[in-house]
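Trainee: Turn this into a model:
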Amino acid sequence: MTLDRAVMAFAGAMILVSLTLAYMASPYWLLLAAFVGANLFQAAFTGFCPLAMILKRLGVAPGPAF
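Mentor: Numbering: from 1, shown residues only. Predicted structure coming up:
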């Protein structure tokens, strides 16, 4: 799995977890989904992604975007 796919998979999983927790526990969990979405949005323009930096240090093979 490349770095790009790992970042997208993690972001998708976090959004799904956030939506599930918002439905089952508290609507405040939607703030997590908003944070993930905002981070993806800024990463598209700046190229700065904290998760990509962490995964790169852990040895995940880089992909074309990061």
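Trainee: now the helix or strand containing Leu51, how far from the chain's geometric center?
Mentor: Here Leu51 sits within helix 50-57, counting by DSSP states H and E. Put simply, helix 50-57 sits 11 Å off its chain's centre (Cα atoms, centre = their mean, to the nearest Å).
Trainee: Poorly predicted segments of the protein, please.
Mentor: Within the chain, the stretches with pLDDT under 70 are 66.
Trainee: Spell out the secondary structure type for Phe48.
Mentor: coil (DSSP: H, G, I helix; E, B strand; the rest coil).
Trainee: quick one, phi psi at it?
Mentor: Phe48 has phi and psi values of phi -90, psi 120 when expressed as degrees, to the nearest 10.
Trainee: what do you get for Gly47?
Mentor: Taking degrees, to the nearest 10 as the convention, Gly47 sits at phi 80, psi 0.
Trainee: residue closest to the middle of this protein?
Mentor: Centroid-nearest residue in the chain: Ala11, 2.8 Å away (criterion: Cα atoms, centre = their mean).
Trainee: counting contacts, what elements does the helix holding Leu51 pack onto?
Mentor: helix 3-24 (3 or more Cβ pairs under 8 Å, 6 or more residues apart in numbering; DSSP states H and E). Backbone N, C-alpha and C define where each C-beta goes, glycine included.
Trainee: The helix holding Leu51 vs helix 3-24, what angle?
Mentor: Angle between the axes of helix 50-57 and helix 3-24 is 130 degrees (criterion: axes from the mean of the first three to the mean of the last three Cα atoms, to 10 degrees).
Trainee: And helix 50-57, what's buried?
Mentor: Using 16 or more other Cβ atoms under 10 Å as the test for burial, helix 50-57 gives Leu51, Ala52, Leu55.
Trainee: Tell me who's in contact with Leu40.
Mentor: Ala11 (Cβ atoms under 8 Å, 6 or more residues apart in numbering).
Trainee: what angle sits between the helix or strand hosting it and helix 3-24?
Mentor: Using DSSP H and E, Leu40 sits in helix 30-46. Angle, helix 30-46 to helix 3-24, by the same axes, to 10 degrees: 160 degrees.
Trainee: got the buried residues for helix 30-46?
Mentor: Leu32, Ala33, Val36, Asn39, Leu40, Ala43.
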